[in-house]
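**Student:** 3D model of this:
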Amino acid sequence: MRSRFGRYLLLLVLPSGLLCLAFLFSVYHEEQDRVREHVAAAEQLRLAAGARGLAIEVGAAVADVRLMATLPSLAAALEDPAPAAKAALAADLVALSGARGVYDQLRWIDESGREQVRVDLVGGKPSVIPDDRLQDKSQRYFFIGAMALPAEAVYVSPLDLNIENDIVETPYKPMLRVAMRVWDSEGRGRGIVVGNYFGRHLLDGFAALTGGGDRPTGVSLLDADGYWLLAPDPADEWGRVSARGERFATRHAAAWARIAAGGSGQFEDAGGLWSFTTVAPLAGRVAAAGLGQGPVWRAVSHVPRATLAEAAYRSLAGWALITGLFMAALFAGSWLLAHAQRRRDAMAENLRSLNRKLEEKVRLRTQELHQQAIRDGLTGLFNRRYLDETLPREVHRALREHAQLAVVMIDLDHFKRFNDEWGHEAGDAVLLGVAELLVDGLRASDIACRYGGEELLVVMPGADAGEAVARMNAILVAGRHLSLRARGLQLPPVTFSAGVAVLPGHGTDAETLVHAADHAMYLAKEGGRDQVVLAGPPDSVQ
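**Tutor:** Numbering: from 1, shown residues only. Okay, here's the model as predicted:
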């Protein structure tokens, strides 16, 4: 009995045990490779999300500086920098600073390097700096760099620390400076406009997108010389100016040599898995066209080798249990192996699902940022900023192609009564109802914007006066039958007064067309409201 039992041990259990050990060894290495693949893919996705976020934020800052350069108040100040003109410019910069909330300073610096107008964000509120506190910035690198650029070019500085009166401000205030040259009507360079963008806002957004605070791996953002701008250990940051002088390029010299030589990629060394990508916010969009210069950063993640091994060892423990059960009973072991395979596939599917969710989150965030920049928050119509960019472009295109174009100014009748008698909830309901009427009643090519308060403006490319008046009358009729409620009460019918101006009969530029449509709208008000009026000859518009 004993010898037979021994033979069974030798013939069945021992070979099965050896096969199980070989299988366990193979599975361990396979799982180790699988863990590395998934970690590598996740790290690449994190860095890509962070890089896209940086590019979006810098792009928004560039757009704001371009907007500053086109302000009518700035144009007036460039012609005659009298106190009244500079006060008007300061008021516009206060509005921009308050609306965006991400600029430490907005400035016009003249061609000599002297600050002429400066608005600081102090305690969350914009503040105009008096003349006796304005400074000379002629020797600052960002002024010299921006002044060397051609017209329409944009300068984006390195991300560094703010300096006031030649001293680094403490506590540290990271700053990104975006600047553009400005010119008067005679083509003379009159200095630059510059926005000091809060670098901490940029860095916090990057950290949120890369998930550095919730992951076992650390993500770093480095400047072109390998200094930390953002580090897993905050004490390592800003080594260029700190007493410690910490530098990624020195601490990880071999890794930095490979990172600095390539645009993006991954490699593994004795320290673990390195993933990196180059972030050049202006590359391919402005710099490639010769219209600016900007910083180059590198986003780097590091997964220590111990972390990779730990993940593999966790999988190995489960397989060791399966192997023991297989040794105890061959048929039970077969079932456990199939069950473990299903678990492994489920883990892989979970990781793929997480990757897809992260990609969707980045895509939705990108869309949300874009919509916030061009849409009115209440009505969903385009906002004034989008109108100011789009209407001149549509006018130029219509003139170039000898095409029709109509501009309609709309003002809701008795809007104040809705707010006074039924509350602001009723006013909001009226605005939303009219906005929906416009979306339903206009053509797909038409552009409906909220101009301000209860005023709306519609741009109708390709429409002549007859078509514009007819379409607005149809919308006006629909508005009379609009059923709206607020606080459980039925609101009275909604009407509006509209003025129509067309190109080129009432003007050949955006400002003239808007003025003509606005004048016609007031004629509609004076004529009894609830009607659409076509603007008269240009001589009749005052």
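
**Student:** Next, count neighbours for Met68.
**Tutor:** 25 (other C-beta atoms under 10 Å). No exception for glycine: its C-beta is placed from N, CA and C like everyone else's.

**Student:** Also Gly98?
**Tutor:** Using other C-beta under 10 Å as the criterion, Gly98 is surrounded by 14 other residues.

**Student:** Make 9 the first number, not 1, from now on.
**Tutor:** All right, first residue 9 from here; so that's Gly106.

**Student:** Leaving out the residues flanking it, which one is nearest to it?
**Tutor:** Distances taken as C-beta to C-beta, 6 or more residues apart in numbering place Pro134 nearest to Gly106, at 4.9 Å, with adjacent residues excluded.

**Student:** and what of Glu172?
**Tutor:** Gln143 (8.0 Å).

**Student:** So the closest residue to Gly270 other than its chain neighbours, which state does it fall into?
**Tutor:** Nearest-residue entry for Gly270: Phe284, 7.5 Å, with adjacent residues in sequence omitted and distances by C-beta to C-beta, 6+ apart. Each residue gets one of three states, and Phe284 gets strand by DSSP: H, G, I helix; E, B strand; the rest coil.

**Student:** likewise Ala265?
**Tutor:** Taking three-state DSSP as the rule, one finds Ala265 in the helix state.

**Student:** just Ala63 next, same as before
**Tutor:** Secondary structure, three-state DSSP: Ala63 is helix.

**Student:** so what's the closest residue to it other than its chain neighbours up against?
**Tutor:** Distance criterion C-beta to C-beta, 6+ apart; nearest residue to Ala63, sequence neighbours excluded, is Pro289 at 4.8 Å. Contact partners of Pro289, counting by C-beta atoms under 8 Å, 6 or more residues apart in numbering, are 62-63, 66-67, 164, 302-303.

**Student:** Okay, and which of the residues you listed map to helices?
**Tutor:** 62-63, 66-67 (DSSP state H).

**Student:** mind giving me TSV with the residues you listed and columns for pLDDT, distance to Lys533 and neighbour count?
**Tutor:** Written out in TSV, the entries for the ones in helices among the contacts of Pro289 read as follows (pLDDT from 0 to 100; distance: C-beta to C-beta, whole Å; neighbours: other C-beta atoms under 10 Å):
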residue	pLDDT	distance to Lys533	neighbour count
Leu62	90	48	24
Ala63	89	46	18
Val66	91	45	23
Gly67	90	41	16
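
**Student:** Relative to Glu368, which of these is nearest.
**Tutor:** Ala63 (18.8 Å; C-beta to C-beta).

**Student:** Was I right to think that closest one contacts Val287?
**Tutor:** Yes. Contact between Ala63 and Val287 holds when scored by C-beta atoms under 8 Å: they sit 7.2 Å apart.

**Student:** Tell me where the stretch 409-550 of the chain has helices.
**Tutor:** In order along the chain, the stretch 409-550 of the chain carries the following helices (DSSP state H, counting those that start in this stretch): 423-430, 432-449, 473-488, 518-534.

**Student:** Please produce a markdown table containing the ones you listed, extended by mean pLDDT and distance to Val311.
**Tutor:** Converted to a markdown table, these look like this (pLDDT from 0 to 100; distance: least, C-beta to C-beta, whole Å):
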| stretch | mean pLDDT | distance to Val311 |
| --- | --- | --- |
| helix 423-430 | 82 | 58 |
| helix 432-449 | 87 | 49 |
| helix 473-488 | 92 | 59 |
| helix 518-534 | 93 | 54 |
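
**Student:** Pick the most deeply packed of those.
**Tutor:** Of all the helices of the stretch 409-550 of the chain, helix 518-534 has the most neighbours on average by mean count of other C-beta atoms under 10 Å, namely a mean of 20.

**Student:** Give me the contact list for that one.
**Tutor:** 399-400, 403, 413, 415-419, 421, 465, 505-511, 514-515, 539-544, 546, 549-550.

**Student:** Which members of these are positioned in strands?
**Tutor:** Members of those lying in strands (criterion: DSSP state E): 413, 415-419, 465, 505-511, 539-542.

**Student:** circling back: for the residue nearest to Glu172, what are its contacts?
**Tutor:** Contact criterion C-beta under 8 Å, 6+ apart gives 122-123, 172-173 as the residues in contact with Gln143.

**Student:** Asp448 too?
**Tutor:** Contacts for Asp448 were tallied using C-beta under 8 Å, 6+ apart; they are Ala486.
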